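K.L.:
Could you look at this predicted model? Sequence included:
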Amino acid sequence: MVLCPVIGKLQHKHVVLASASPRRQEILSNAGLRFEVVPSRFKEKLHKASFATPYAYAVETAKQKALEVAGRMHQKDLRAPDVVIGADTIVAVGATILEKPVDKQDAYRMLSRLNGKEHSVFTGVAIVHCCSKDGRLDTEVSEFYEETTVTFSELSEELLWEYINSGEPMDKAGGYGIQALGGMLVENVHGDFLNVVGFPLNHFCKELARLYYPPRPEGLRRVKHDSIPAVDTFENLSDTEGGGSDPGPSAEGGRGGEEADGDRSQAPGALDAALNGAESRPPFPTGLLELMDGFKASKVLFTACKLKLFDVLKDQGPLKAVDVARKLDACAGGTEQLLDVCVALGLLEKTHRGYSNTAVTTLHLVSDAEHSLLGLAEYNDAHVWGVFTRLGLAVREGAGQARGALGVTEEEEHLSQSREMTLQFMRAMHSLSKLTAHHVATAFDLSRFTSACDLGGCTGILARELAREYPHLQVTVFDLPEVIELSGGFQRGGRQTERIRFVPGDFFKDNLPEADLYVLSRILQDWPDDRLHKLLSRISSGCKPGGGLLVAEAAAEEEEGASRSPRLRTLSAGQPRSPDEHRRLLQRHGFRDVRVARAGDLLRVVLGTRAAP
Ligand SMILES: Cc1cn([C@H]2C[C@H](O)[C@@H](COP(=O)(O)OP(=O)(O)OP(=O)(O)O)O2)c(=O)[nH]c1=O
């Protein structure tokens, strides 16, 4: 399934599920995996006492089930499938392992042991990569286990027998099926519900991510920028689960690692080559493929934002997919798919109770969150998305033509004058400024200034931060009349402080308000050179000697710690300037003692002092 990149890693492989369990088949096919079912003939007869822990037993049984199928298929066709998946679920009460009951009495014995108590359900999983070489079968085993704790209510004899007589316990570990009638026996579940049903899907996906996401070459680092959010989920998964560096099957870093075998010394990549039987084959282009899918991830994010999915989950989550669909007034199937992709992208969490927001989502994608980036998402979806569809044209016509190609079209120019578009733009700037304003305001000590004017100050976020940091500073927000008119809607509880005033005007035409310090935050880069020099010379003539000019711009990517987003912005705006270029620019307009500092991940701040003319 294209929408689920980790499962998609198995898309073009011949995958075999070595299990007769209908539950496992259902879980995996629901996750979009395509596979053949070949039930294992391995008899579950390993000597339990020889295992240090119950889960070690489950892992070994899972491995033997998968290896039996791989061996049998290879023997039959002299060809093995690419991947064989084996699993074994057991119930453990302390050190005692309960498998499937052999008869009703056995089921009664098991259920009585579980009655009114907590127990663990372990599923061991083995992912066996196979390769036929010179008629010989080579295998690499990756294995792990998942534990879920389940508590039974106090149940009467009568109820237990009624349950046993239903026939349900017989093909299930511990003698119950939590997903059906057995659910009535259960008071509490802690951990992955699907693990109890027979397959820990979440851990399986993490294991796949660990196996299939090697570090990408330097030149293909993930791109992070404002308009196409990075798909961090799978990087995170691989990072956290195993350092993200080893596509091989070592279980180190994951639970059950101590049970893993196989040659751990095998170098990353060597495994792939061996498995593919082609040492000369190039490394798998994971980074490239992720880039190709990047736009899909962005669109998923934008769509979820537009549907207000994160607001619904914030107020009412965790929710099941059907309930989310009802609240969004959307189709249940489509909603579930969207929810699952959001889980894969790290935007949501999924447990047996349903879907809920992650910490980052709660902080940044909920409408009323202090640091909500919803406005930015909305603007990127409604405007920047369309702009980037004209990238080819922009490249052909050259950067100078960017206003027509990667900039605004006539239709958009017209639209941009609309109130809705202005509001959309303001919401985006408001979102972003909330992230950056504090860094800009504190990059230098500005306490020597008594008045500041934020040119193009939009909704006044930076002004508010300046006023907060410098108790004696009077701040003017200067922006186009249509922006100032709408800015009131962004002020929570009035205009925050009496030291801030909003003045309408055009900084290319109107007199600039008087101030000791002029501020240009994320303004210069949007203008072609002639306009930029015009603006700077207007500021320079308005600025008294000793006054200051503070410029905040996107930091160039080459700088240590800088975000990569400015590099992408160059396609729709100018090239980010280096610190030296900034210095020269301010000096050219009569500012001296130009100092440069970093302001957070995104911006660089430059402060110059107006020299006497
Ligand atoms: C505890 C519990 C187990 N089970 C099932 C999952 C497994 O199918 C079964 C445990 O037996 P397993 O031996 O793990 O699996 P299986 O015999 O069904 O299939 P195969 O050996 O071919 O892989 O118990 C439930 O369906 N619900 C439950 O609540």
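P.N.:
Arrived safely, thanks for sending. Numbers count the residues shown, from 1 in each chain.
K.L.:
Spatially nearest residue to the residue of the stretch 351-500 of the chain found nearest the ligand (excluding sequence neighbours)?
P.N.:
Proximity of the stretch 351-500 of the chain to the ligand (C-beta to the nearest ligand atom) peaks at His352, 11.9 Å away. C-betas here are computed from N, CA, C, even on glycine. With C-beta to C-beta, 6 or more residues apart in numbering as the criterion, His352 has its nearest non-adjacent residue at 3.3 Å, and that residue is Phe193.
K.L.:
Quick check: end-to-end length of stretch 31-41?
P.N.:
From its first residue to its last, stretch 31-41 covers 25 Å (C-alpha to C-alpha, to the nearest Å).
K.L.:
Is any residue of it near the ligand?
P.N.:
Yes - on the criterion C-beta under 6 Å from any ligand atom, stretch 31-41 is in touch with the ligand at Pro39, Ser40.
K.L.:
in that stretch, what's buried?
P.N.:
The neighbour-count check on stretch 31-41 (16 or more other C-beta atoms under 10 Å) flags Ala31, Gly32, Leu33, Phe35, Val37, Val38, Ser40 as buried.
K.L.:
Can you name the residues bridging to Thr149?
P.N.:
Taking DSSP bridges as the rule, Thr149 bridges to Ser120, His190.
K.L.:
Return the residues of the stretch 101-250 of the chain in contact with the ligand.
P.N.:
121, 171-174, 176-179, 182, 196-198.
K.L.:
In ChimeraX, how would I select the buried members of those residues?
P.N.:
The ChimeraX command for the buried members of these (criterion: 16+ other C-beta under 10 Å) is given here:
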select :121,172,173,174,176,177,178,179,182,196,197,198
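K.L.:
give me phi/psi at Ser447?
P.N.:
Backbone geometry at Ser447, expressed as degrees, to the nearest 10, gives phi -70, psi -10.
K.L.:
and what of Met292?
P.N.:
As for Met292, its main-chain torsions (degrees, to the nearest 10) stand at phi -60, psi -30.
K.L.:
circling back: OK, contacts around the residue nearest to His352?
P.N.:
Listed by C-beta atoms under 8 Å, 6 or more residues apart in numbering, the contact partners of Phe193 are Thr148, Ile178, Thr351, His352.
K.L.:
and if you look at Ala62?
P.N.:
For Ala62, the contact set (C-beta under 8 Å, 6+ apart) comprises Gly86, Ala87, Asp88, Thr123, Gly124, Val125, Ala126, Glu143.
K.L.:
State whether the last one is indeed within a helix.
P.N.:
No - counting by DSSP: H, G, I helix; E, B strand; the rest coil, one finds Glu143 to be strand, located in no helix.
K.L.:
mind checking how far it is from Lys350?
P.N.:
24 Å (C-beta to C-beta, to the nearest Å).
K.L.:
And these two? Which one has more around it.
P.N.:
Glu143 (27 against 20; other C-beta atoms under 10 Å).
K.L.:
nearest residue to that one other than its sequence neighbours?
P.N.:
Spatially, and ignoring its direct neighbours in sequence, Glu143 is nearest to Ala126 (4.6 Å; C-beta to C-beta, 6+ apart).
K.L.:
same question, Met184
P.N.:
Tyr163 (7.9 Å).
K.L.:
Might you report the residue contacts of that neighbour?
P.N.:
Leu111, Pro169, Tyr176, Leu181, Gly182, Met184, Leu185.
K.L.:
what comes up buried for whichever strand or helix holds it?
P.N.:
Taking DSSP states H and E as the definition, Tyr163 sits inside helix 157-165. When burial is assessed from 16+ other C-beta under 10 Å, helix 157-165 yields the following buried residues: Leu160, Tyr163, Ile164.
K.L.:
just curious, which of the residues you listed is nearest to the ligand?
P.N.:
Nearest to the ligand among those, with distances taken as C-beta to the nearest ligand atom, is Tyr163, at 12.3 Å.
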